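Trainee: sequence unknown, structure follows:
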């Protein structure tokens, strides 16, 4: 079982200079919990979570204006051909809920694998028994 078998391909991303409100709107409309943050060249440089947005709204007197102010960075990535168990272990050890999937160390994001994707893989595996 490989990451590519369960990842969400071509995920929605947002640029680091994007407006905080734009990120909130995208996540609400698309029901996303994780949003990869990319630079102007499209390289993944961070992750924005719903929790990041909620905490920022509570902690700042004014909402931050740019995504780059509240994103998690640096970001851990994984390759599409990595074993699914490696993704589980990396997410567990780093205590993160998702991994951007990249073919070249983050320069080109091709997918994202989340806890939900891993649960889907587990359900499939258990159903096959």
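Mentor: All right, it came through fine. Here the structure is a predicted model, which is why all the values come from computation and not from measurement. Numbers count the residues shown, from 1 in each chain.

Trainee: going forward, measure contacts between C-alpha atoms and count neighbours the same way
Mentor: Noted.

Trainee: Please determine how far the nearest residue in space to residue 66 that is not next to it in sequence is located from residue 87.
Mentor: Distance criterion CA to CA, 6 or more residues apart in numbering; nearest residue to residue 66, sequence neighbours excluded, is residue 19 at 4.7 Å. Counting by CA to CA, to the nearest Å, the gap from residue 19 to residue 87 is 30 Å.

Trainee: so where do the helices sit in the protein?
Mentor: Along the chain, counting by DSSP state H, helices occupy 3-6, 20-30, 50-59, 84-94, 115-127.

Trainee: Can you tell me which of those is packed in deepest?
Mentor: helix 3-6 (a mean of 20; mean count of other CA atoms under 10 Å).

Trainee: Remind me what that helix packs against, helices and strands.
Mentor: Judged by 3 or more CA pairs under 8 Å, 6 or more residues apart in numbering; DSSP states H and E, helix 3-6 is in contact with helix 115-127.

Trainee: Packing partners of the helix it packs on?
Mentor: For helix 115-127, the elements it packs on are helix 3-6, judged by 3+ CA pairs under 8 Å, 6+ apart.

Trainee: quick one: average pLDDT of the helix it packs on?
Mentor: Helix 3-6 shows a mean pLDDT of 96.

Trainee: can you check stretch 83-99 too?
Mentor: Here the average pLDDT along stretch 83-99 is 95.
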